[in-house]
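[1] test case, fold it:
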Amino acid sequence: MAREVMRRQAADNEYRHPDFHGALSTALEYLHRQYGEQAVREYLHRFARAYYAPLTAAIAREGLAPLRAHLEAVFPAYSELFRYLEERGGKEAVLDFWHYLSDNFLGNLRDLVQEHGLRGCWLYWSHTLNEEAADFTMILDEEAGEFSITMRRCPSKGRLLATPHLTPYPDYCRHCNVLYRRVLEPLGYEYRLDMSGCSEARCRVEVRRVICRRQ
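    Numbers count the residues shown, from 1 in each chain. The predicted model follows:
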C-alpha cells in the first residue's frame, strides 16, 4: 500500500478557496433558522461596520482604487460569526453551529472517506489546502493506517492575524477540531488536532484507522 507525501508553500498556489462561500451560505442559513431574519441582518451589518472600517476610510480618501485589492482577500466572517453567536446564546450556540456546519457542509469529506477509506482524507485535503494556498506537509501511509497534516501557516488563522483591526475569536481554531472529528470518528477513525501553535497559525492533524480487536 502506498505512502505519499505532499509539501506545499503558500506561494505554490493562488489563493481562491471557493468552499468558503458555500460554508458562509450554510452559516447564514443556520443563523436564520435559529434566530430569524433580523439576526442575519444584524450580524451582517455589524460585521460590515467592523471589517470594512479601514476600507471605508480608504475609499473616502482615494476613491474606488482600494476596493480591488480588498476583494482579493477572503473575509474573516467566521470569527465574527462565532463571536456573535456566543453573545446571543453562549458557547453552546457556537458548538451547535459547528455541529450544524459539519453535518450540512462536509458531506464531501464523509463520502470520500466512506468510498476510499483513509485515502479519502488525502483526496479531500489535497483539494482544499491547495485552493487555500496553505503552507503544509501532508502524509498518507495506508499500510500504517495513518494520515497527517503539518500546517506551517494556516491561511484562515493567518489572515485573521494579519487583520489588525479585528481580534480573532478566542476559540477560533477549535472549529476544525469539532467539524472534522464529527465526520471521521463515526466512520472508525481517530482524529487528533494539536492546537499548541494556533497563536502563530500553526497546527498538526493526525488521523488513524481504529483497529477493532475481538475479545
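
[2] what strand or helix carries the spatially most central residue of the chain?
    Nearest to the mean C-alpha position of the chain, counting by Cα atoms, centre = their mean, stands Cys176 at 6.0 Å. Using DSSP states H and E, Cys176 falls within helix 174-184.

[3] same thing with Leu160?
    Here Leu160 is assigned to helix 155-161, by DSSP H and E.

[4] once you drop chain neighbours, what's closest to the residue nearest to the centre of the chain?
    Leu193 (6.3 Å; Cβ to Cβ, 6 or more residues apart in numbering). For every residue, glycine as well, the C-beta is placed using N, CA and C.

[5] does anything pack onto the helix holding Cys176? Which helices or strands?
    Applying 3 or more Cβ pairs under 8 Å, 6 or more residues apart in numbering; DSSP states H and E, we find helix 174-184 packed against helix 91-105, helix 107-116, strand 189-194, strand 203-209.

[6] go again with 7 Å.
    Secondary-structure packing of helix 174-184 (3 or more Cβ pairs under 7 Å, 6 or more residues apart in numbering; DSSP states H and E): helix 91-105, helix 107-116, strand 189-194.

[7] compare these and report which one is nearest to Gly63.
    helix 91-105 (37.7 Å; Cβ to Cβ).

[8] from the contact counts, what lies against the closest one?
    helix 19-35, helix 77-89, helix 174-184.

[9] among those, which comes closest to Phe105?
    Going by Cβ to Cβ, the one of these nearest Phe105 is helix 19-35, 4.8 Å.

[10] what are the contacting residues of the helix or strand just after that closest one?
    Tracing the chain C-terminally past helix 19-35 and defining elements by DSSP H and E, one meets helix 37-51 next. By Cβ atoms under 7 Å, 6 or more residues apart in numbering, the surrounding residues in contact with helix 37-51 are Leu28, Leu31, His32, Phe75, Pro76, Ala77, Glu80, Leu81, Tyr84, Leu166.

[11] fine, thanks again, bye for now.
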